[in-house]
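**Student:** sequence-free structure coming up:
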């Protein structure tokens, strides 16, 4: 929820808040992900999801950190917070910690 408003996506649409976390490369220069607006992919956190389609539930859930195609949906800004409404099919993947053991 942003302020007094809540956006509830429908069907297989999801609401993603842009992740503006900064990464520090080995050189020590901090570059924000949002500086390069030519990037086609973007990281974000799922804020809300629709219920999926009747025969196909959603894979992502609220709180997931995801990589998605930034131009595949609609950009929304509420109270200075940049968000995107996109279809789940335009999410490339869920970002998980690297220390998870894969079996």
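**Tutor:** Structure received. Just so it is clear, the structure is predicted and the values come from calculations on it, not from any experiment.

**Student:** can you list contacts of the biggest strand by length in the chain?
**Tutor:** Looking across the chain with DSSP state E, the single longest strand is strand 41-49. With CB atoms under 8 Å, 6 or more residues apart in numbering as the test, strand 41-49 has contacts from 6-9, 13-19, 21, 33, 58, 60-70, 83-84, 88, 92, 95. Using the backbone N, CA and C atoms, a C-beta is placed for each residue, glycine as well.

**Student:** Mind doing that once more with 7 Å?
**Tutor:** 7-9, 14-19, 33, 58, 60-70, 83-84, 92, 95 (CB atoms under 7 Å, 6 or more residues apart in numbering).

**Student:** Now the buried members of the residues you listed.
**Tutor:** 9, 14-16, 18, 33, 58, 60, 64-66, 68-70, 83-84 (16 or more other CB atoms under 10 Å).

**Student:** Report the central residue of the chain.
**Tutor:** The chain has residue 44 as the residue nearest its centroid, 2.8 Å off, counting by CA atoms, centre = their mean.

**Student:** now the residue lying closest to that one once chain neighbours are set aside: how far from residue 56?
**Tutor:** Closest residue to residue 44 apart from its sequence neighbours, by CB to CB, 6 or more residues apart in numbering: residue 16 at 3.8 Å. Relative to residue 56, residue 16 is positioned 19 Å away (CB to CB, to the nearest Å).

**Student:** and what of residue 68?
**Tutor:** Counting by CB to CB, the gap from residue 68 to residue 56 is 18 Å.

**Student:** what do you get for residue 43?
**Tutor:** 25 Å.

**Student:** three-state assignment of residue 67?
**Tutor:** Three-state assignment for residue 67 (DSSP: H, G, I helix; E, B strand; the rest coil): strand.

**Student:** now do residue 89
**Tutor:** Per three-state DSSP, residue 89 ends up helix.

**Student:** burial count for it?
**Tutor:** Burial of residue 89 is recorded as 8 neighbouring residues (other CB atoms under 10 Å).

**Student:** Output the below-cut-off pLDDT ranges for the chain.
**Tutor:** Scanning the chain with the threshold set as pLDDT under 70 gives 1-5, 21-40, 100-103.
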